[in-house]
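S.K.: Quick check, what structure comes out for this input:
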Amino acid sequence: MKNKLLRILPVIILLFGITTNSYAQENQEKKSCCPTAENKILTSEDLLKLNHFPQGESYAQISDIQPLKIGDQLKDKIKSKFVFYVTQPIDHKNPSLGDFKQMVVVAFAGWDRPNVLITEGYTGKYGLNPNYYEEIARLLNCNYIVVEHRYFNNSVPFKQKDSTISWADLNWDYMTAEQEAADLHNIRLQMGRIFSGKWVATGISKGGENCMAYTSFYPNDVDCSVPYVGPVAFAQEDSRPQPFIRDSVGTPKDREIILNFQKEILKRRDKMEPLLEEFSKKKNIVYNISIPEVLDYCVLEFSFAFWQWGYPTSIIPNIETTSDEELFKFFANSVGPDYFQSWDDNAPFFVQAAKELGYYPYDTEPFKGLLKVKSTEGYLRKIFLPGGREFKFDETLSKRITNFIATTDSKMIFIYGEWDPWSSVRPLSPGNDNIKFYIAPGGSHRARISNLPQPMKEEAIKLLKEWLAVE
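M.R.: Residues are numbered from 1 along each chain as shown. Coordinates of the predicted model:
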């Protein structure tokens, strides 16, 4: 799941006591950190050299370096791989507040290769998988750096130093795209001291929007950016996805099949609720709302989830002949009731959605008389936010990203799926040569360069090769 202001870097950010645009100084200092020509692969010693900085500033210092296993099929491409932690200020504008450690994974393909900075929007623990291979890194044989987003998994400020802090009591003030962009900037400067090749920022979904935000704050950090399926919502409940789902995705027949299936689940409520309760107990799923409400929200979510992940309507069971048990099994596998659980690893997303990323409302009109839920307004707070916290939505980020894309000369490639509901809140193409939008026909949230139609795929790869100086 699920900008365009003047390209002026902040005057100063506290990183080793240098200004953000002092690349000449960085290049000079790089010489003392770069691995020797004899080094065939990236080693932990190379990474530790990054901590030898004249000013001795603690931020962006690297620690807890561990080598990672590389899958057999990747050993001829990825030569070494490490996980480590980078010390970051909790507040880049006020470092005296304290610091936290942010998890980073680096995979090494070669000293002469371009570098992919993955602007993850959630946890980065998938990077620990020996077989993980980011798409652009795979296509162009690049080094890649996975940066776990602050407040996820192992990278949670405050809780790292005080495990008694609950999610409900956690200080969420620094869960912002601007703070995360500064995290990425620190890591980009550090990694730039040993990797001399060109840079591309990329992320998927929330990571795609994070990629847009990072590029808008630090356009000089990278040579190009590739946000995948990234939304830019204008409100805490942006209304654009619902008419898109109602009128634009699939065919009229597809939309009718989905609507009739949703209604059938509600019509069989007396059978579905006990099945949902049994399912939830087996899976140890805890909700902030009642089982009848969970059923309603699963039905309302079904159409969004179905189109987001690109399923064909041919897999939907015949509602006239399918048993209650089989109908529920398909329903639960498709929509995932655990999406509405009280808290999980991805739940910090909802805090940022409420604060600045935005989300979407539900269209209850087609289900009048069938729902137990009287209103879905404000459901983010009711279902997802820790302790029922309330956050006022700030439009600054969405305006920044929108304005940046409209005015920048940064090189960017955007990938979207035609029928992905998140495409209804994508930014608009300014029509400039430096900005390219590729919309996969009939595509979903799974749209990638590799599954674009061949002419689009070839054009996108050609552009990336030009921008990253790859033969």
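S.K.: Low-confidence regions, this structure specifically.
M.R.: For the chain, the stretches with pLDDT under 70 are 1-39, 53-57.
S.K.: which residues sit in contact with the residue nearest in space to the middle of the chain?
M.R.: Central residue check for the chain by C-alpha atoms, centre = their mean: the C-alpha nearest the mean position is that of residue 207, 2.4 Å away. Contact analysis of residue 207 by C-beta atoms under 8 Å, 6 or more residues apart in numbering lists 118, 119, 120, 121, 122, 149, 228, 230. The way it works is simple: take the backbone N, C-alpha and C, and place the C-beta from them, glycine included.
S.K.: Mind doing that once more with 7 Å?
M.R.: 119, 120, 121 (C-beta atoms under 7 Å, 6 or more residues apart in numbering).
S.K.: And for the last one, the neighbour number?
M.R.: I take that to be residue 121. A count of nearby residues for residue 121, using other C-beta atoms under 10 Å, gives 27.
S.K.: one step back: residue 360: which of the contacts of residue 207 is nearest?
M.R.: residue 121 (16.5 Å; C-beta to C-beta).
S.K.: pretty sure that closest one contacts residue 212?
M.R.: No - counting by C-beta atoms under 7 Å, residue 212 is not a contact partner of residue 121; they are 10.9 Å apart.
S.K.: what's the spacing between residue 439 and residue 364?
M.R.: Taking C-beta to C-beta, to the nearest Å as the criterion, residue 439 is separated from residue 364 by 30 Å.
S.K.: whoops, I mixed them up, residue 75
M.R.: When distance is defined by C-beta to C-beta, residue 75 is 53 Å away from residue 364.
S.K.: neighbour count winner among the two?
M.R.: When neighbours are counted by other C-beta under 10 Å, residue 75 and residue 364 differ, and residue 364 comes out ahead with 18 against 10.
S.K.: which residues sit in contact with the more buried one?
M.R.: Listed by C-beta under 7 Å, 6+ apart, the contact partners of residue 364 are 300, 371, 376.
S.K.: 10 Å instead, please
M.R.: Contacts were defined as C-beta atoms under 10 Å, 6 or more residues apart in numbering; by that measure residue 364 touches 242, 296, 299, 300, 370, 371, 373, 374, 375, 376, 377.
S.K.: Mind checking which of those land in helices?
M.R.: 242, 296, 299, 300 (DSSP state H).
S.K.: Disregarding residues adjacent in the polypeptide, which is nearest to residue 289?
M.R.: If you skip the residues right next to it in sequence, residue 289 has residue 383 as its closest partner in space, 6.0 Å away by C-beta to C-beta, 6 or more residues apart in numbering.
S.K.: Hmm, the one you found is touching residue 288, no?
M.R.: Yes - shown here, residue 383 and residue 288 form a contact pair, counting by C-beta atoms under 10 Å, at 5.6 Å.
S.K.: which residues do those two both contact?
M.R.: Taking C-beta under 10 Å, 6+ apart as the contact rule, the neighbours common to residue 383 and residue 288 are 294, 340, 341, 342.
S.K.: now these: which count as buried?
M.R.: The neighbour count (16 or more other C-beta atoms under 10 Å) marks 294, 340, 341 as buried among the shared contacts of residue 383 and residue 288.
S.K.: Now residue 278: which helix or strand?
M.R.: Secondary structure assignment for residue 278, by DSSP states H and E: helix 269-282.
S.K.: Can you give me the buried ones in that helix?
M.R.: When burial is assessed from 16+ other C-beta under 10 Å, helix 269-282 yields the following buried residues: 269, 272, 273, 275, 276, 279, 280.
S.K.: Could you tell me how far the second one is located from residue 317?
M.R.: The one in question is residue 272. When C-beta to C-beta is applied, the distance between residue 272 and residue 317 equals 14 Å.
S.K.: Nothing else from me, thank you.
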